[in-house]
Structure formats: C-alpha cells, structure tokens
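**Q** need coordinates for the following:
(chains A, B, C and D)
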Amino acid sequence: MKKMRILSWNVNGIRAIQKKGFIDWLLTEDPDILCLQETKAAPEQLSEELLNINGYKSYFSSSIVKKGYSGVAIYTKQEPIKVEHGFGIPKFDDEGRIVVAEYKEFVLINIYYPNGKKNEERLQYKMDFYEAFLDYSNKLVKKGKKLVICGDVNTAHKEIDLARPKENSKVSGFLPIEREWLDKFFSHNYHDTFRMFNDEPENYSWWDQVTRARDRNVGWRIDYFFVSDNFKKNVK
DNA sequence: TCGTATGTCGC
DNA sequence: AGGGTTGCGC
DNA sequence: GCGACATGCTAGCGCAACCCT
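**A** Numbering: from 1, shown residues only, chains lettered A, B, ... in the order given. Model prediction:
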C-alpha cells in the first residue's frame, strides 16, 4: 500500500477558517485526506470554492437538528468506494457527527463525539453514542475491515493526557465513566496511535480559548487517531 | 474551563 | 443589505 | 491555623435569529 498522510482538525466553523486562508493552507499542507470536525455548516451554505478544492473530493455531514451546529467533513484526493453518514441510528446520525469513507485498503471513520458538559442528559447521550460507535466499529472489524478512526473524542484518557487531572476529575471530559469507556474501547483491540510513538506528558490537542490556556500549555489530549489491530502495522 | 477568592470542615 | 444585540454551544 | 475540598466569578469565538435602519 502506498504511503498516505491523514490529518484531523476541529475547525470551529469552516466558513470562519475559509476567511483566514483555509484553502491555501490545505493546498500547501497537501495531505491525502483531511478530516474536519465542527464545521458548523450545511453544504448548501458553503461556497463553490470550499466544496471543490483543486485535487480533492469533499464529503460533508451536517446537523439536521440545529443550524450552525456540529458537522464533519472529509477532503480526500482518492475517491472512496463508498461514503456513509452515520451508524444507521437516527438519534446519533442526525447531529451530523459522523462521516465514513471506505477505501480499498481501509475504512476511514471521522467523528465529532458529543460534548457532555452541558448537563446529565448530554452526558448520557455521549455515553450512548460511545456504545453505538463501538458496536458499529466492532461489526466492521468482524467483517474483516481495517479501521482508521479519527476525530474529537471529547475525553482525555489518563492523567498524562491533561494538564489539570485532579481539578477536572469531576468534569465531563475526564470523568471516571468516560475514561472507563476508553479503557473498554482499547480492550477491544483498538490502538491510540499517538501513544504508539510518544509516551511523554504535556502533549495536548485542545486548549481553552476563554482563558487563553494555550499560552501556558494548559490543555487536554482529546483528539485522537485510533486504528483497529489489523491495521496497526501500517501506521508510521 | 482556568485561576482566583472565599467559605467550611476536620484535626 | 448590513450593523448591533442577544442567546447558545463549546 | 493549615491543608483539602466545595462554591462563585470570570472570560473568547462562531453562528443564528432578531431587531433596526
């Protein structure tokens, strides 16, 4: 299999980053596949330039529950064999969090997992989403598919994965039940690819904007690339 | 959410 | 059509 | 009188909806 480079980015508004030079950035960065989360737009709201970037096919999944909310996208040089937009469960598909692209060599799953901070209901939704996702991915593996899963998981796994573990042990994003689900996920033989190469602390993927936490590197590692065991040997 | 201020408890 | 304000979500 | 812990206050961004002109 030829070498491919896959990137993932929670953009917090694709129309906002377009104004800040996203298209030029993508053409310069030149990945084989780019996965975006929190695009906050339906494809009908996007310009032609954003839908048809030179050299890329684009696929979007957007929320039908609320405008300007959630949303994911894939930009891909190679055209997938098949693209799907959910697990087949309306409750989880309708918020536009899932886009799945099947290639000959693997299946790419790009997900913006729910945030559980708002209230107990949303935390339960997040946990239910996690379970539905695990069912979905396990079924694909059982069928012999090789999986590459990326996105904003909204949970830090271990103390090493955030700057303030003690202070956040009762906050959604680092709750015992959320962390235990990740334990369970990994026990099903999926791998956290970053930790295959790096076991150092202070490696984060998200910083609070309000408190300008990035300046002090007070962050969380909540965005991941996972792979199924049958694809692990291909990760470089 | 982070950092800080302020209050309460246990000892 | 476009600015200002408010509310939501992260 | 001190540590451990709880509670209240705080502050950017992007987007939608609504008002106004």
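**Q** which bits of chain A sit near DNA strand B?
**A** A:115, A:117, A:162-164, A:167-168, A:171-173, A:208, A:210-211, A:213, A:216, A:218-220 (C-beta under 7 Å from any atom of the strand). Using the backbone N, CA and C atoms, a C-beta is placed for each residue, glycine as well.
**Q** remind me what the helix or strand hosting A:Trp181 packs against, helices and strands.
**A** A:Trp181 belongs to helix A:176-187 when assigned by DSSP states H and E. Where contact means 3 or more C-beta pairs under 8 Å, 6 or more residues apart in numbering; DSSP states H and E, helix A:176-187 is packed against helix A:120-142.
**Q** now do the helices in chain A.
**A** A:14-19, A:22-29, A:48-51, A:90-93, A:120-142, A:176-187, A:193-197 (DSSP state H).
**Q** which residues are contacting the fifth one?
**A** Meaning helix A:120-142. With contact meaning C-beta atoms under 8 Å, 6 or more residues apart in numbering, helix A:120-142 is reached by A:87-89, A:91-92, A:97, A:107, A:109, A:111, A:113-117, A:147, A:149, A:154, A:172, A:175, A:177-178, A:181, A:184-185, A:188, A:190, A:228, A:230.
**Q** show me the contacts for the spatially most central residue of chain A.
**A** Geometric centre of chain A, nearest residue: A:Gly151, 0.9 Å, by C-alpha atoms, centre = their mean. Counting by C-beta under 8 Å, 6+ apart, A:Gly151 makes contact with A:8, A:10, A:35, A:37, A:72, A:109-113, A:223-224.
**Q** find the nearest non-adjacent residue to it, please.
**A** Spatial nearest neighbour of A:Gly151, chain neighbours left out: A:Ile111 (4.1 Å); criterion: C-beta to C-beta, 6 or more residues apart in numbering.
**Q** same deal with A:Glu49?
**A** A:Ile23 (6.3 Å).
**Q** burial count for that neighbour?
**A** Neighbourhood size, A:Ile23 [other C-beta atoms under 10 Å]: 15.
**Q** what's the pLDDT at it?
**A** On pLDDT, A:Ile23 comes in at 97.
**Q** do A:Lys170 as well
**A** 89.
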